[in-house]
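Q: Please work out how this folds:
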Amino acid sequence: MHKVFLIAAACVVALFISIAWKGTGNAGTTPNAPFSGITQTCLSTHIYNNCGTAGYVTFGFGATTGAGTSAADPLTIQQSNMSVGVNAANPQAKLQIIGGGSDNNTSSFLVNNSVNTEMFRILDNGNIGIGISAPQSKLGVNGTITAKKVKVTESGWPDYVFDKNYELPNLQQVEQYITRYHHLPGVESEEEVTKNGVDLGHNQANLLKKIEELTLYVIQQNKELAQLKSENKVLATQQSALEKQQKEIDALKEIITRLAAKN
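A: Residues are numbered from 1 along each chain as shown. Just a heads-up that it's a prediction; the model follows:
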């Protein structure tokens, strides 16, 4: 029994020797950072750092990495702003992830559903894919986007159509173009849209240009119609005068005929 007690005591002493303790509260085999303690219940293990706003809890694989070093740990929890960093020693948001590159071959964030189908991905080059594993633009969506409002910034808005120096194509030229190419001039063809998609901002600008040109055609035709109405009114007045003159001539003819008959 005495021998068993000695063996147990030796084990406890060896354990305390293997774990170094510092007066500042540091603990561990290489205690380079403060560690406040561990509490454990039947359901959980609670690791805490009670160092105030300067406190961090980090999980890494080296004694010289983590908060306060030049090499970040894989996971850091910062107490000052209650932020979590992945490869970020000093996270500046509630969750900050520093990826492993800046290209479209590596990802910083990935979410799969319960059957392991990819739902959402952020590449290290900043491209975001929803249902797309290799997005080729800042946002790629494989599906329908529903929104109350979409705002597209576009330069070169076609108000220049109303400039007095703008050369409005005549309708005969437009008809010849449509007959040859089967789409409006300046507007992408069905083949181009099928191949490259539609740039919404550019397309809206093109459509507005056509609307403005159409408005000019309508204004022009309205002027021509007004001119025709004016000319028709003059012609109607002239026609009325001619008819009156003709009646007077006919009356004179009748008088001359009667006088001739008497003689």
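Q: In the chain, what residue spans correspond to helices?
A: Assigned by DSSP state H, the chain shows helices spanning 2-18, 171-181, 190-196, 200-262.
Q: tilt between the longest one and helix 171-181?
A: Spelled out, that is helix 200-262. 130 degrees (axes from the mean of the first three to the mean of the last three Cα atoms, to 10 degrees).
Q: Now tabulate the helices of the chain in JSON lines and tack on mean pLDDT.
A: Converted to JSON lines, these look like this (pLDDT from 0 to 100):
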{"stretch": "helix 2-18", "mean pLDDT": "41"}
{"stretch": "helix 171-181", "mean pLDDT": "94"}
{"stretch": "helix 190-196", "mean pLDDT": "92"}
{"stretch": "helix 200-262", "mean pLDDT": "90"}
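Q: Out of these, the one nearest A71 is which?
A: With Cβ to Cβ, the closest approach to A71 among those belongs to helix 2-18: 25.3 Å. For the C-beta atoms, the positions are set from N, CA and C on the backbone; glycine is no exception.
Q: coming back round to it: tabulate the helices of the chain (a markdown table), appending mean neighbour count.
A: Converted to a markdown table, the helices of the chain look like this (neighbours: other Cβ atoms under 10 Å):
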| stretch | mean neighbour count |
| --- | --- |
| helix 2-18 | 9 |
| helix 171-181 | 11 |
| helix 190-196 | 10 |
| helix 200-262 | 11 |
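Q: Make CSV out of the ones you listed and add distance to V115.
A: Shown next, in CSV, are the helices of the chain (distance: least, Cβ to Cβ, whole Å):
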stretch, distance to V115
helix 2-18, 46
helix 171-181, 48
helix 190-196, 32
helix 200-262, 33
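Q: just so I know, which of the ones you listed lies nearest I98?
A: Of these, nearest to I98 by Cβ to Cβ is helix 200-262, at 32.9 Å.
Q: All the strands of the stretch 51-200 of the chain, in order from the start?
A: Using DSSP state E, counting those that start in this stretch, the strands found in the stretch 51-200 of the chain span residues 56-59, 75-78, 83-86, 95-97, 107-112, 118-123, 128-130, 139-141.
Q: Just put these in a markdown table and tack on distance to T194, mean pLDDT and mean neighbour count.
A: A markdown table is the format used below for the strands of the stretch 51-200 of the chain (distance: least, Cβ to Cβ, whole Å; pLDDT from 0 to 100; neighbours: other Cβ atoms under 10 Å):
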| stretch | distance to T194 | mean pLDDT | mean neighbour count |
| --- | --- | --- | --- |
| strand 56-59 | 51 | 86 | 18 |
| strand 75-78 | 47 | 89 | 20 |
| strand 83-86 | 41 | 92 | 18 |
| strand 95-97 | 37 | 92 | 14 |
| strand 107-112 | 30 | 92 | 14 |
| strand 118-123 | 26 | 94 | 17 |
| strand 128-130 | 22 | 96 | 18 |
| strand 139-141 | 18 | 94 | 14 |
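Q: Distance to K164 for those - can I get that in JSON lines?
A: Formatted as JSON lines, these follow (distance: least, Cβ to Cβ, whole Å):
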{"stretch": "strand 56-59", "distance to K164": "68"}
{"stretch": "strand 75-78", "distance to K164": "63"}
{"stretch": "strand 83-86", "distance to K164": "60"}
{"stretch": "strand 95-97", "distance to K164": "56"}
{"stretch": "strand 107-112", "distance to K164": "54"}
{"stretch": "strand 118-123", "distance to K164": "50"}
{"stretch": "strand 128-130", "distance to K164": "46"}
{"stretch": "strand 139-141", "distance to K164": "41"}
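Q: between these, which one is nearest to E248?
A: strand 139-141 (82.9 Å).
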